[in-house]
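Visitor: When you get a sec, could you give me coordinates for this:
(2 chains)
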2 protein chains.
Amino acid sequence: MQRSDQKRVLKLISVEEGLDIVSNKLNLKPLDSEIVPLYDSLGRVLGEDVISDQDIPYFDRAAMDGYALKSKETKEASRDKFVRLRIVGKIFPEDFGAKFKIEDGEVAYVACGAPLPLGADAVIRVEETILLDDEIEVYRPLTPWENVSKVGEDVKKGNLILRKGHLLRAQDVGLLAALKKKDLKVFGKPKVAIISVGDELMDLSMNDQDKIVNNYAIVISGLLSELKAMPMILGVVKDDLEEIKKEIDKALEKADIVITIGGCSVGVKDLVPDAVNALGEPGIIFHGIKMSPGKVTGVGMIKNKPIVMLPGQIVSAVAGFYFFVVPIINRLSGLDIVQTLPIIEGELAEEVKAKPGLDTFLLVKVSKESIVEPLPKGRNVLFNLVKANGYTVIPSGKALRKGEKVKVSIFDTKGLTDSIFNYGR
Amino acid sequence: MQRSDQKRVLKLISVEEGLDIVSNKLNLKPLDSEIVPLYDSLGRVLGEDVISDQDIPYFDRAAMDGYALKSKETKEASRDKFVRLRIVGKIFPEDFGAKFKIEDGEVAYVACGAPLPLGADAVIRVEETILLDDEIEVYRPLTPWENVSKVGEDVKKGNLILRKGHLLRAQDVGLLAALKKKDLKVFGKPKVAIISVGDELMDLSMNDQDKIVNNYAIVISGLLSELKAMPMILGVVKDDLEEIKKEIDKALEKADIVITIGGCSVGVKDLVPDAVNALGEPGIIFHGIKMSPGKVTGVGMIKNKPIVMLPGQIVSAVAGFYFFVVPIINRLSGLDIVQTLPIIEGELAEEVKAKPGLDTFLLVKVSKESIVEPLPKGRNVLFNLVKANGYTVIPSGKALRKGEKVKVSIFDTKGLTDSIFNYGR
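Guide: Numbering: from 1, shown residues only, chains lettered A, B, ... in the order given. Below is the predicted model:
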């Protein structure tokens, strides 16, 4: 039954159903790929499988500073019985290409990384030898290829090095450089338009004492930047159906995803859902999830582009962001994962309960000792989000006891350990 | 005893001693702070304590869509006995400043976020009322301030909001915007010069078949970017004492930290330590740590700027980076922490042993099920670093059994969970 003081009644679906729709039913595809120079590829998502077209190392090389020798000549060596071998040269890493060779009874000094001379099949470390004038004494047998990095030991020609969908880290870029890759195919970064809806809002640059700074757009924009998407804050729109439609329509032109903040609840001035439905097929896909805060979050599609309607309260908006915006961004980015926040396990500092019918999205502060302290519940406020370093979800109807284990998605891991050591003696 | 085939003998110190020197004895101070616009402050380190100069919210406001009323008038209400109240107006968030008032027997419709009218002290949700023409029926008593966000509930004037040394996240920037901060004091970002040493190396742009691409500098530069420092790859220097000295000297002019890669082992061409000692007091502080790989890492100070000598093998260089470069960067950045990588606990997939006298820096691949698989040991190669998602350290002389718990510092958490859910039903 519709009432004049309620704009709509929401048909709530579970978070899982919503996530399944976003992940599987919307049929989202990664954005078109583009070619970037290797040195610009850090943090981008690889748009192609990379297969090595060479061996690394591309020659047998010494893995230690020492002497290259024929291992068979050390077979009889022991603590009590040395083998004496003659030094016939010094080889350094830059000598690759030169054709050094040793004969029986000979060794060559090799610096770590130097090409192994022909004839040699092992390297003994400097410290393990006794040096005479132009000879060394060896006191133990060496096994073939001891202290040698063999051709292709790191990477073999034809190896699949990195998969399409991989997020490029420093070491990945370094390996691609070793393969002499100069350009790379990467997926485009999602452009995300952010529209804030509400007569009460003003932009940060304005100075109206009777208005509220549009700071929630700044939070969402910052979270998008942390995901390496490209946020565009389009500013504030009044609670007016035509203006909201116009702004979303403009946003659909320039962005890959549109996020609205506010105006999607059940109040008489909540007009965003009407705008989304008026703008094209299919419009709203779902609106309302069985989670609090975050209940009035909704997702729609217009012109094949996703629209996420985030609630106008900040913790609700952030809940909607993590559950529905993040998977959409990851899919459009071409990333081969859904999750982005690390999850750790901790112990609840106090009892918590979720209402029947609604999961509770709970901001928490996790200590170094993995004690999980819920931030005051029911306070849907930004300062809680600042004090929090993660969130957990209490399933509807459940009560968890103090000390019970919960999994926490962590916003930032800084401060979770005070030591750089991950080991104790 | 010095040998002609060894440049030096290292006096090894423990990782803990080295870290203590870097953290406490070098007396490093945060870089000078600078003023940046708020919208440029994401990811920067706060250079001042921020204290709120206002209350947020700065008026009592409705936390729900509903009806603002006097709670005392609902005292007798129950399922069987409603209280009927007259609607005298509608109030929206933008109506702050207008002076609404309700009298006994009256209520006003309030949208979520709207200022509470004078006289009201609670809000009943729309769904909990029955709407007649211009009246509502209430069927339960409300407690004072129910569903009201009170003045200063989020932030009180005079509250310490964020501390000096805090790394600014999206939500922090959002809160600062709510406080109408337009500029912020942040610490400068460390400029880090990277010098690669070795006759065998060439820059990525060159195309010499007999040389090795200087890709380790790219790895270190990428890791620095991930830390939000400002890396400068200064290129390749030959194994020549004068050239190395000249290059480090130039680097000291423009950078806050100098990192060298290679040329710091005990081989006859390892000249970086000589250069560091020749360039000024105190020169080298320590050289050689009881960890492998990473043993020949060293740290020096010249002109009050730290120099870190990283080994020329990549896993060794990365080990030295995490243990000594990261704490230096964090200190100069003004960050109030030492550690940056998240640490998780997992179970070893196989037995591992560390030699006596040397801790083992072990690259590992942690699965979604927290099984920790060591990457082939003794293979100090870049592809292992690509396959790894973290590292652990096995203390010298220790043997750990399969299934034993170890702590792993995680390079990237992506892929550690395949679900966005941190909870099960």
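
Visitor: all helices for the stretch 51-200 of chain A, in order.
Guide: Taking DSSP state H, counting those that start in this stretch to define them, one finds helices in the stretch 51-200 of chain A at A:170-178.

Visitor: if I pick the residue in it positioned nearest to chain B, what's in contact with it?
Guide: Residue nearest to chain B within the stretch 51-200 of chain A: A:Ala170 (2.6 Å; CB to the nearest CB). To be clear about C-beta, it is placed using only N, CA and C from the backbone, and glycine gets the same treatment. Listed by CB atoms under 8 Å, 6 or more residues apart in numbering or on different chains, the contact partners of A:Ala170 are A:42, B:218-223, B:225-226.

Visitor: repeat that with 10 Å
Guide: By CB atoms under 10 Å, 6 or more residues apart in numbering or on different chains, the residues touching A:Ala170 are A:42-43, B:218-226, B:231, B:318, B:321, B:385, B:411.

Visitor: And for A:Glu128, the neighbour number?
Guide: Residue neighbour count, defined by other CB atoms under 10 Å in any protein chain shown, stands at 16 for A:Glu128.

Visitor: Might one say that it is in contact with A:Ala122?
Guide: No: A:Glu128 is beyond contact range of A:Ala122, at 11.6 Å (criterion: CB atoms under 10 Å).

Visitor: shared neighbours, the two?
Guide: A:66-67, A:142, A:147.

Visitor: Report the buried members of the residues you listed.
Guide: A:66-67, A:142, A:147 (16 or more other CB atoms under 10 Å in any protein chain shown).

Visitor: from these, which ones fall inside strands?
Guide: Those of these mapping onto strands are A:66-67, per DSSP state E.

Visitor: still on that earlier bit, pull out the buried residues from the contacts of A:Ala170.
Guide: A:42-43, B:218-225, B:231, B:318, B:321, B:385, B:411.

Visitor: Among the residues you listed, which lie within strands?
Guide: Those of these lying in strands (DSSP E): B:Pro231.

Visitor: Just the buried ones among the contacts of A:Ala170: which are in helices?
Guide: Among the buried ones among the contacts of A:Ala170, DSSP state H puts B:218-225, B:318, B:385 in helices.

Visitor: and of the residues you listed, the nearest to chain A?
Guide: B:Gly222 (2.6 Å).

Visitor: for the spatially most central residue of chain A, what are its contacts?
Guide: Nearest to the geometric centre of chain A sits A:Thr340, at 5.4 Å (CA atoms, centre = their mean). A:Thr340 makes contact with A:167, A:226-228, A:322, A:326-327, A:329-330, A:409, B:413-414, B:417, B:420, according to CB under 10 Å, 6+ apart.

Visitor: Among these, the buried ones, what's the ChimeraX command?
Guide: Buried residues among those (16+ other CB under 10 Å), as a ChimeraX selection:
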select /A:167,227,228,322,326,327,329,330,409 /B:413,414,417,420
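
Visitor: could you dump the contacts of A:Thr340 to TSV with secondary structure, pLDDT and distance to B:Leu31?
Guide: Shown next, in TSV, are those (DSSP: H, G, I helix; E, B strand; the rest coil; pLDDT from 0 to 100; distance: CB to CB, whole Å):
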residue	secondary structure	pLDDT	distance to B:Leu31
A:Leu167	strand	93	30
A:Glu226	helix	90	23
A:Leu227	coil	89	28
A:Lys228	coil	89	26
A:Tyr322	helix	94	34
A:Val326	helix	94	34
A:Pro327	helix	92	39
A:Ile329	helix	95	33
A:Asn330	helix	93	35
A:Ser409	strand	90	33
B:Thr413	coil	76	29
B:Lys414	coil	73	31
B:Thr417	coil	65	36
B:Ile420	coil	59	38
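
Visitor: Contacts only, for A:Thr143.
Guide: So A:Thr143 contacts A:71, A:74, A:121-122 (CB under 10 Å, 6+ apart).

Visitor: Out of those residues, give me the two with the largest separation.
Guide: A:Thr74 and A:Asp121 (10.7 Å; CB to CB).

Visitor: More neighbours: these two, which one.
Guide: Set A:Thr74 next to A:Asp121 and count neighbours by other CB under 10 Å: A:Thr74 wins out with 21 against 18.

Visitor: which residues touch that one?
Guide: Taking CB under 10 Å, 6+ apart as the test, what A:Thr74 contacts is A:82-83, A:85, A:122, A:124, A:138-143, A:146.

Visitor: again, but for A:Lys157
Guide: Contacts of A:Lys157 (CB under 10 Å, 6+ apart): A:51-56, A:58, A:151.

Visitor: How far does stretch A:76-92 stretch from one end to the other?
Guide: 29 Å (CA to CA, to the nearest Å).

Visitor: Tell me the gap between it and the middle of its chain.
Guide: With CA atoms, centre = their mean, to the nearest Å as the basis, stretch A:76-92 stands 51 Å off its chain's centre.

Visitor: Give the buried residues for that stretch.
Guide: A:77, A:82-83, A:85, A:87-92.

Visitor: got it, and stretch A:120-134?
Guide: Neighbour count says stretch A:120-134 has A:120-126, A:128-129, A:131 buried, by 16+ other CB under 10 Å.

Visitor: from these, which two are the most distant?
Guide: A:Asp121 and A:Leu131 (21.7 Å).

Visitor: Let me see the contact set for A:Pro342.
Guide: A:390, A:408-413, A:416, B:342, B:344, B:410, B:412-414, B:416-417.

Visitor: and which of those is nearest to A:Ile284?
Guide: The closest of the contacts of A:Pro342, once distances to A:Ile284 are taken by CB to CB, is A:Ser409, at 27.0 Å.

Visitor: Give me the helix or strand of chain A that scores worst on average pLDDT.
Guide: strand A:212-213 (a mean of 85; mean pLDDT, DSSP states H and E).

Visitor: Tell me how chain A divides into domains.
Guide: Domain ranges of chain A: A:15-31+A:189-333, A:33-56+A:154-187, A:61-149, A:343-410, per automatic domain parsing.

Visitor: most packed of these?
Guide: domain A:15-31+A:189-333 (a mean of 21; mean count of other CB atoms under 10 Å in any protein chain shown).

Visitor: how far does that domain stretch from start to finish?
Guide: 22 Å.

Visitor: Distance of A:Leu362 relative to B:Pro231?
Guide: 39 Å (CB to CB, to the nearest Å).

Visitor: Kindly report the same for A:Ile35.
Guide: Taking CB to CB, one finds A:Ile35 at 23 Å from B:Pro231.

Visitor: what do you get for A:Lys70?
Guide: For A:Lys70 relative to B:Pro231 (CB to CB), the value is 44 Å.

Visitor: Next, show the common contact partners of A:Thr74 and A:Asp121.
Guide: Shared contacts of A:Thr74 and A:Asp121, counting by CB under 10 Å, 6+ apart, come down to A:142-143, A:146.

Visitor: Adding distance to B:Lys7 and pLDDT as columns, could you present these in a markdown table?
Guide: Listed next are the shared contacts of A:Thr74 and A:Asp121 as a markdown table, based on distance: CB to CB, whole Å; pLDDT from 0 to 100:
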| residue | distance to B:Lys7 | pLDDT |
| --- | --- | --- |
| A:Leu142 | 23 | 97 |
| A:Thr143 | 27 | 97 |
| A:Glu146 | 23 | 95 |
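
Visitor: contacts with chain B among the buried residues of stretch A:120-134, please.
Guide: For chain B, the contacts drawn from the buried residues of stretch A:120-134 by CB under 10 Å from any CB of the partner chain are A:125-126, A:129, A:131.
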